[in-house]
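In: Give me the fold of what follows.
(2 chains)
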Amino acid sequence: GEDVEQSLFLSVREGDSSVINCTYTDSSSTYLYWYKQEPGAGLQLLTYIFSNMDMKQDQRLTVLLNKKDKHLSLRIADTQTGDSAIYFCAFERDDKIIFGKGTRLHILP
Amino acid sequence: DAGVIQSPRHEVTEMGQEVTLRCKPISGHNSLFWYRQTMMRGLELLIYFNNNVPIDDSGMPEDRFSAKMPNASFSTLKIQPSEPRDSAVYFCASSGRYEQYFGPGTRLTVT
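Out: Got it, this is the predicted structure:
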């Protein structure tokens, strides 16, 4: 299977919370990441978490890591239209970053 | 810092032509990565350099693709000859420690 698996699409109403989930294969990664890609732009690091943490909060963003199940999630509180983008889950391996295929977040009015 | 700079932003060329994509990484970063993004395959790592030396080129699709990094501030990705299936967005990224910074990409269309 794929190194990183995440659903391809998610639709959320403006003002609700968005939760994007991913599973990964590599249990030895030190860093796990969420990248955001807006239309016509490159990927931008949104947040990251060390593998020895199980939660990280940064303003509207909450990252949860379940290392035992190799599950990473990103919660965006009070989702805004500007959050519409593709979100990539990723982990580091051998000086490279392994990316998932991305989840396209669509915001409903 | 201006971030990772790529040129051109858009390139339209005919099949069989040579295409050269350029990248200037962030000053001080010692790793540079070339990616290709398509709807079908998503984001693919083509090649990466560490201290200007190619470390892993296993993602380069064929011999038509080549990449160089003559110095710490410049890299090129060349496709010769180009084919319609090479149409994609090509990203360059640079990294100092654990985070990769992406350029805006070059959208390549081969007709």
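In: Do you have the strands of chain A handy? List them.
Out: With DSSP state E, the ranges of strands along chain A come out as A:4-6, A:9-13, A:18-24, A:31-37, A:43-50, A:55-58, A:61-66, A:71-76, A:85-93, A:96-99, A:103-108.
In: Where does the prediction get shaky in chain A?
Out: A:1 (pLDDT under 70).
In: circling back to that earlier point, put together TSV for the strands of chain A, with mean neighbour count and distance to chain B on each row.
Out: The way it works is simple: take the backbone N, C-alpha and C, and place the C-beta from them, glycine included. Listed next are the strands of chain A as TSV, based on neighbours: other Cβ atoms under 10 Å in any protein chain shown; distance: least, Cβ to the nearest Cβ, whole Å:
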stretch	mean neighbour count	distance to chain B
strand A:4-6	20	10
strand A:9-13	13	13
strand A:18-24	19	13
strand A:31-37	22	5
strand A:43-50	18	5
strand A:55-58	12	14
strand A:61-66	17	15
strand A:71-76	20	16
strand A:85-93	23	6
strand A:96-99	22	5
strand A:103-108	16	11
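In: Columns distance to B:M15 on top of the ones you listed, output as TSV?
Out: Converted to TSV, those look like this (distance: least, Cβ to Cβ, whole Å):
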stretch	distance to B:M15
strand A:4-6	34
strand A:9-13	33
strand A:18-24	38
strand A:31-37	28
strand A:43-50	29
strand A:55-58	46
strand A:61-66	44
strand A:71-76	41
strand A:85-93	29
strand A:96-99	29
strand A:103-108	31
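In: Would you mind pulling the contact partners of stretch B:85-95?
Out: Residues from elsewhere that reach stretch B:85-95 (Cβ atoms under 8 Å, 6 or more residues apart in numbering or on different chains): A:42-43, B:4, B:6, B:19, B:21, B:23, B:25-26, B:29-38, B:43, B:64, B:75, B:77, B:79, B:100-103, B:105-110.
In: In chain B, which residue sits closest to chain A?
Out: B:F102 (3.3 Å; Cβ to the nearest Cβ).
In: Leaving out sequence neighbours, find the closest residue to that residue.
Out: Excluding the flanking residues, the one nearest B:F102 by Cβ to Cβ, 6 or more residues apart in numbering or on different chains is A:G42, at 3.3 Å.
In: now do A:S11
Out: Nearest non-adjacent residue to A:S11 (Cβ to Cβ, 6+ apart): A:H106, at 4.6 Å.
In: Can you name the residues of chain B that neighbour chain A?
Out: B:4, B:31, B:33, B:42-43, B:45, B:48, B:50, B:55-56, B:91, B:93, B:98-105 (Cβ under 8 Å from any Cβ of the partner chain).
In: Any of these buried? List them.
Out: B:4, B:31, B:33, B:42-43, B:45, B:48, B:56, B:91, B:93, B:99-105 (16 or more other Cβ atoms under 10 Å in any protein chain shown).
In: Let's see which of the residues you listed end up in helices.
Out: Among these, DSSP state H puts none in helices.
In: A:A85 and A:W34 touch, don't they?
Out: No. Judged on Cβ atoms under 8 Å, A:A85 makes no contact with A:W34 at a distance of 10.9 Å.
In: Let me see the contact set for the residue of chain A found nearest chain B.
Out: Here chain A gets closest to chain B at one residue, A:G42, 3.3 Å apart by Cβ to the nearest Cβ. The contact partners of A:G42, by Cβ under 8 Å, 6+ apart, come to B:V4, B:F91, B:A93, B:F102, B:G103, B:P104, B:G105.
In: Turn the residues you listed into JSON lines, including pLDDT.
Out: Formatted as JSON lines, these follow (pLDDT from 0 to 100):
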{"residue": "B:V4", "pLDDT": "96"}
{"residue": "B:F91", "pLDDT": "97"}
{"residue": "B:A93", "pLDDT": "96"}
{"residue": "B:F102", "pLDDT": "95"}
{"residue": "B:G103", "pLDDT": "95"}
{"residue": "B:P104", "pLDDT": "95"}
{"residue": "B:G105", "pLDDT": "96"}
